[in-house]
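Visitor: Coordinates for the following, if possible.
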Amino acid sequence: RFSMYCCYKFSNIVWYREPYMKEKLEKLRKKNLYFLHNAIPVESHPIQNEERDIDFLWVNRIIPQRKAKWFIQKLSTPEFKNTKNILVGILQNTILNPDVEYVIKNSPENLTLVDYTSTPESYFKRAKYFVLPSDIVFANHALLEAMSWGVVPLVSDIGGANLIVEKNKNGFIFEHTQSGFNQAMDDALHLDTETYLAYSKGSEKKIREVFSTEKYAEKLKLLYDL
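Guide: So this is what the prediction gives:
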């Protein structure tokens, strides 16, 4: 801890990757901070919205910080009975994880559980919405990937998430409570086609223009030039 403190304290520039880090670094009286977040390679791939047969998609490991129970409970309500949903993130060798046990035990018929995979592109091509109710949202890799495929996100309004998801532009950003999540799910379920297509286009555009590796390289060069 002492060695890290010295590094932060006496370095010329500190590069930080998550918004929450800024306040911690400023407490060390560190003013020369440079924010450069995660990014993903954005390929030129066709987006076929008319072929999307998955209503709500979860692609992330199930950990306490991510509110998988909210997702399970909402999908279990009558209004979501006829939706088709997939949760990608089950780790079969997980030991003593009550959240995973809850998901497996309480999964409704309209939800398919899939093992965790590092190559979820086939699901992104088919999904309408990407769901991430979580204590930490910013620059979640699966979120960025999903949006690059035009999947419309539903995320908690926490820790800089609004730098990625913009309300009424490219997705749903909700109060980080179960009631806030439920309302966002309801709004997404009843979203008209024209607005959905606008959000989908906005999602892909946001990643391409802000969170692509090309944009990352441009900002990294500025950091090195300082």
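
Visitor: Helices along the chain, start to end?
Guide: 2-10, 20-26, 68-75, 98-106, 121-124, 141-148, 178-189, 193-210, 213-225 (DSSP state H).

Visitor: Let me have those helices in a markdown table, adding distance to residue 135, mean pLDDT and mean neighbour count as columns.
Guide: Where you see a C-beta, it was placed from the backbone N, CA and C, and this is true even at glycine. Shown next, in a markdown table, are the helices of the chain (distance: least, Cβ to Cβ, whole Å; pLDDT from 0 to 100; neighbours: other Cβ atoms under 10 Å):
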| stretch | distance to residue 135 | mean pLDDT | mean neighbour count |
| --- | --- | --- | --- |
| helix 2-10 | 23 | 85 | 10 |
| helix 20-26 | 10 | 87 | 13 |
| helix 68-75 | 12 | 98 | 21 |
| helix 98-106 | 13 | 93 | 15 |
| helix 121-124 | 23 | 95 | 17 |
| helix 141-148 | 14 | 96 | 23 |
| helix 178-189 | 13 | 98 | 17 |
| helix 193-210 | 22 | 97 | 17 |
| helix 213-225 | 25 | 95 | 11 |
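
Visitor: Present those helices as CSV; the columns should include distance to residue 114.
Guide: As requested, the helices of the chain are exported to CSV (distance: least, Cβ to Cβ, whole Å):
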stretch, distance to residue 114
helix 2-10, 39
helix 20-26, 30
helix 68-75, 13
helix 98-106, 11
helix 121-124, 8
helix 141-148, 13
helix 178-189, 20
helix 193-210, 22
helix 213-225, 27
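
Visitor: List the beta-bridge partners for residue 152.
Guide: residue 129 (DSSP bridges).
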